[in-house]
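K.L.:
Next input, structure requested:
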Amino acid sequence: MTHHPANADRAAPRPFGRLLTAMVTPFAADGSLDLDGAARLAAHLVEEQGNDALVVNGTTGESPTTTDAEKERLVRAVVEAVGDRAKVVAGVGTNDTRHTIELAGAAEKAGAHGLLVVTPYYNKPPQAGLIRHFTAVADATALPVMLYDIPHRSGVPIATETMLRLAEHERIVAVKDAKGDLVASSSVTGRTELAYYSGEDALTLPALAVGAVGLVGTSTHLTGALTKQMIEAYERGAAGEALALHRRLLPLFTGIFRTQGTILVKAALAARGLPAGPVRPPLVDATADEITQLRADCAAAGLELP
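P.N.:
Numbers count the residues shown, from 1 in each chain. Prediction:
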C-alpha cells in the first residue's frame, strides 16, 4: 500500500491543485464501461484543459449506476493514464458508512490520491451522524479526504460547527462546496485550514473572494483552460481580468446545467469527437433541441461546438 503523508497534504494550500474536473465516465455504445475512452478523456482533461486533478466516480461520473468493480477499474485506468502528472480523486460517498469505507479501501488499493466523500443522501442523518460517518471514512485509509457539501441533492447540509469539528481530523483536508452559502464558507475558511473548492462553476470567482482555492467543475470539460486562467488571474491580483473571464464563461458555467450536467457534457464531448458514449438509465441522452441550446451557450462563451 502506498502511503500518502496526510500532514504533507494538509500543509499544502491547495492539496489537489487549483482546477479539478468531475469527469464523466465514458461508456461504449452498448452501455459497457469504456476504459480506453476514460484514459483518453483523462489525458485530454489534463493536457488540453489544464486540470491539476480529476474526480472519478462522482455523480457526474454516473456513480449511482456503476458497480463497485467498475469503479475500481475506472480508478486504475485513470491513474495509469494521468496519475504521474495529475492527482486522481475517487468519489466513494454513499448513504451507508460501511459501504463507503469499502469503496474507500478499494480506491486506495487502485492508486487513488484522494477521496471525495459526499454527505449521506436520502436518509438525512443528524449532524452527529455526519461527524461519525466522515470520521470513520477518514480513519479507514491513509488518503486525504475532500468532503462534498451539496444539500440540494443530499438533503442535509454540513453545518459550520460540524465543519469545524471535522477540520480537526488530520486527513480531512478539503471541501467541495456546493452549498451556495458564501457566508458559511467564509466562516469556515477563516477558522480552519480546510481547502475550499467551489462545487458550482458559476460561483468560483465569488468563492475565491471568501477564501476558496479552486474549483471542482463540470463545464470544465470544455472551459477548463479558461477557468484556470480566471483562477490564476484572481490570485495574482488581476481582478478585472478574472471578472472578464467569469462573465465570458458564465453562459456555459450555467448552461451545462440546463438539464442534468452529465447529459450535456457527454453531448458536447461527442460533438468534439472525444470519448463519452451514452448515459445510463435513469438518465437519458440529450435531445436535438438541448444540443442546439448547448451550441448556443458554447458560442456565447466563445467556445464553438461542432
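K.L.:
where exactly do the strands run in the stretch 51-200 of the chain?
P.N.:
Assigned by DSSP state E, counting those that start in this stretch, the stretch 51-200 of the chain shows strands spanning 53-56, 87-91, 114-118, 145-149, 172-177, 195-198.
K.L.:
Can you add distance to Ala43 and mean neighbour count and give those strands back as CSV?
P.N.:
For the C-beta atoms, the positions are set from N, CA and C on the backbone; glycine is no exception. Below are those laid out as CSV (distance: least, C-beta to C-beta, whole Å; neighbours: other C-beta atoms under 10 Å):
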stretch, distance to Ala43, mean neighbour count
strand 53-56, 10, 28
strand 87-91, 12, 28
strand 114-118, 19, 26
strand 145-149, 23, 27
strand 172-177, 23, 27
strand 195-198, 22, 26
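K.L.:
a markdown table for these, including mean pLDDT and distance to Ala244?
P.N.:
Shown next, in a markdown table, are those (pLDDT from 0 to 100; distance: least, C-beta to C-beta, whole Å):
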| stretch | mean pLDDT | distance to Ala244 |
| --- | --- | --- |
| strand 53-56 | 98 | 26 |
| strand 87-91 | 98 | 29 |
| strand 114-118 | 98 | 31 |
| strand 145-149 | 98 | 29 |
| strand 172-177 | 98 | 24 |
| strand 195-198 | 98 | 18 |
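K.L.:
For Leu274, give me its contacts.
P.N.:
Taking C-beta atoms under 8 Å, 6 or more residues apart in numbering, we find Leu274 in contact with 40-41, 44.
K.L.:
For those residues, could you give me CSV that also reports neighbour count?
P.N.:
Conversion of the contacts of Leu274 to CSV gives the following (neighbours: other C-beta atoms under 10 Å):
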residue, neighbour count
Arg40, 15
Leu41, 25
His44, 18
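K.L.:
Go through these and flag which are in helices.
P.N.:
When DSSP state H is applied, the contacts of Leu274 are split such that 40-41, 44 fall in helices.
K.L.:
For Ala267, state which of those is nearest.
P.N.:
Closest approach between the ones in helices among the contacts of Leu274 and Ala267, by C-beta to C-beta: Leu41, at 14.3 Å.
K.L.:
so how far is stretch 58-73 off the chain centroid?
P.N.:
Offset of stretch 58-73 from its chain centre (C-alpha atoms, centre = their mean, to the nearest Å): 14 Å.
K.L.:
Mind checking the pLDDT average for that stretch?
P.N.:
The average pLDDT within stretch 58-73 is 98.
K.L.:
End to end on it, go ahead and measure it.
P.N.:
With C-alpha to C-alpha, to the nearest Å applied, stretch 58-73 spans 14 Å between its terminal residues.
K.L.:
mind listing the helices for the stretch 151-300 of the chain?
P.N.:
Using DSSP state H, counting those that start in this stretch, the helices found in the stretch 151-300 of the chain span residues 151-154, 160-166, 182-191, 204-209, 220-235, 239-255, 261-271, 288-300.
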